[in-house]
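1. Please find the sequence and the predicted model below.
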Amino acid sequence: MPELPEVEAYRSVAEAVVGRRVRSVSAPDPWYVKGASPADAAAALAGRTVTAARRHGKLLVLDTDGPHRLGLRFGMTGTLVVDGEPALERLRYGPARLDPGWVRFELDFARRGRLAVHDPRRLGGVSLDPDESVLGPDAATVSVADLGAALAGSAAPLKARLLDQARLAGVGNLVADEVLWRAGLAPGRPAGSLAPDEIRGLRRVLVATVAELCRRGGSDAGDLFVHRRPGGRCPRDGTGLARATVGGRTTWWCPSHQR
DNA sequence: CCGGATGTTCACCT
DNA sequence: GAGGTGAACATCCG
């Protein structure tokens, strides 16, 4: 999915519906609505006005003037479509087209327009009043102290820790590889083994990389991305990239400069 | 035809 | 308890 940069792009586009009043809610796929029935979700949102479009990690939250808010998760293939326009065109594993059968959830607004989630693989989902307290600090703005706390005392691979949304919210597989490559840190390093200056460096690279990927418009816009394939070489020093599963995800890194 | 792919969750191991 | 693995979700692409 969309990792943090994509969801931030979705959030930006979703700002267009702030101030609009929900006329009706369509949830053709009940399975996609988590923790509440489609009827309950519809009742909670109908007639309410969207007051903010926020992002926490990979979670997009629409606040309302009522007692409820809406959380949207996009899985790997979810695309946000506002007023018929996809929020991001180049979603790599997203829908190749906007098949109406892939609309899993939709808000229709009173005066005009609509906000829909298209998700072919149904890996995402929407929820009423999502519990944001289970998410760690947002990767775009995490402090050195919070990042240090997320890594401290763990024998788990550094990358696995970065991907743990409860400890740090927003980093996905591509962003993790890009950040570790830029920071010169091996993904398999025990998370708790980083020295204070390494944590400071990682934090600086993380925040800068996330901001840059947001500007470039996607987590696939990193400098490492095009090289993470068989035969790929490190764009910094030409070393053949290593590939392994770390934290349950395919991981590419430079065995020469990432230590 | 087969294997993987920007994610999350859960059951089941070690 | 902490981590790891594999499955599941459903589709596309090489």
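-> Thanks, I have the structure now. Worth saying up front: this structure is predicted, and the values here are computed from it rather than measured.
2. So is stretch A:212-229 next to DNA strand C?
-> No - residues of stretch A:212-229 contacting DNA strand C under CB under 7 Å from any atom of the strand: none, with a closest distance of 9.5 Å. Glycine gets a C-beta too; all of them are placed from N, C-alpha and C.
3. which outside residues touch that stretch?
-> Defining contact as CB atoms under 8 Å, 6 or more residues apart in numbering, one finds that stretch A:212-229 is touched by A:2-6, A:8-9, A:88, A:90, A:92, A:140, A:172, A:174-175, A:177-178, A:181-182, A:209, A:232-235, A:241, A:243, A:252.
4. What is the end-to-end distance of that stretch?
-> 23 Å (CA to CA, to the nearest Å).
5. if we can go back for a sec, in PyMOL, how would I select just the buried ones from the contacts of stretch A:212-229?
-> Of these, the buried ones go into a single PyMOL selection, burial set by 16 or more other CB atoms under 10 Å:
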select buried, chain A and resi 2+3+4+5+6+8+9+88+140+172+174+175+177+178+181+182+209+232+234+241+252
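6. Just the ones of the contacts of stretch A:212-229 in helices?
-> A:4-6, A:8-9, A:174-175, A:177-178, A:181-182, A:209 (DSSP state H).
7. CA atoms only for stretch A:12-27, dumped as CSV, please.
-> In CSV, the C-alpha atoms belonging to stretch A:12-27 read as follows (Å, rounded to 0.1, in the frame of the first residue of the first chain):
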residue,chain,number,x,y,z
SER,A,12,-3.9,15.9,0.7
VAL,A,13,-6.5,15.1,-1.9
ALA,A,14,-9.1,14.2,0.8
GLU,A,15,-8.9,17.8,2.1
ALA,A,16,-11.2,18.6,-0.7
VAL,A,17,-14.1,17.0,1.2
VAL,A,18,-13.5,18.9,4.4
GLY,A,19,-16.6,21.0,5.0
ARG,A,20,-18.9,18.7,3.0
ARG,A,21,-21.8,17.0,4.6
VAL,A,22,-22.3,13.2,4.2
ARG,A,23,-25.6,12.4,2.4
SER,A,24,-25.2,8.7,2.4
VAL,A,25,-22.7,5.8,2.9
SER,A,26,-22.3,2.9,0.5
ALA,A,27,-20.6,-0.2,1.8
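8. how close does A:Ala191 sit to A:Val134?
-> 19 Å (CB to CB, to the nearest Å).
9. more crowded one of the two?
-> Ranked by neighbour count (other CB atoms under 10 Å), A:Ala191 and A:Val134 place A:Ala191 first, with 20 against 10.
10. Pretty sure A:Gly148 is one of the things that one touches, is it not?
-> No - if you go by CB atoms under 8 Å, A:Ala191 and A:Gly148 don't touch, sitting 10.3 Å apart.
11. residue ranges of the helices in the stretch 101-250 of chain A, please?
-> A:144-151, A:158-163, A:173-183, A:196-216 (DSSP state H, counting those that start in this stretch).
12. Need these in TSV (columns: mean pLDDT).
-> Below are the helices of the stretch 101-250 of chain A laid out as TSV (pLDDT from 0 to 100):
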stretch	mean pLDDT
helix A:144-151	96
helix A:158-163	97
helix A:173-183	97
helix A:196-216	97
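13. Now distance to A:Val61 too, for those, in a markdown table please.
-> Listed next are those as a markdown table, based on distance: least, CB to CB, whole Å:
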| stretch | distance to A:Val61 |
| --- | --- |
| helix A:144-151 | 20 |
| helix A:158-163 | 21 |
| helix A:173-183 | 20 |
| helix A:196-216 | 18 |
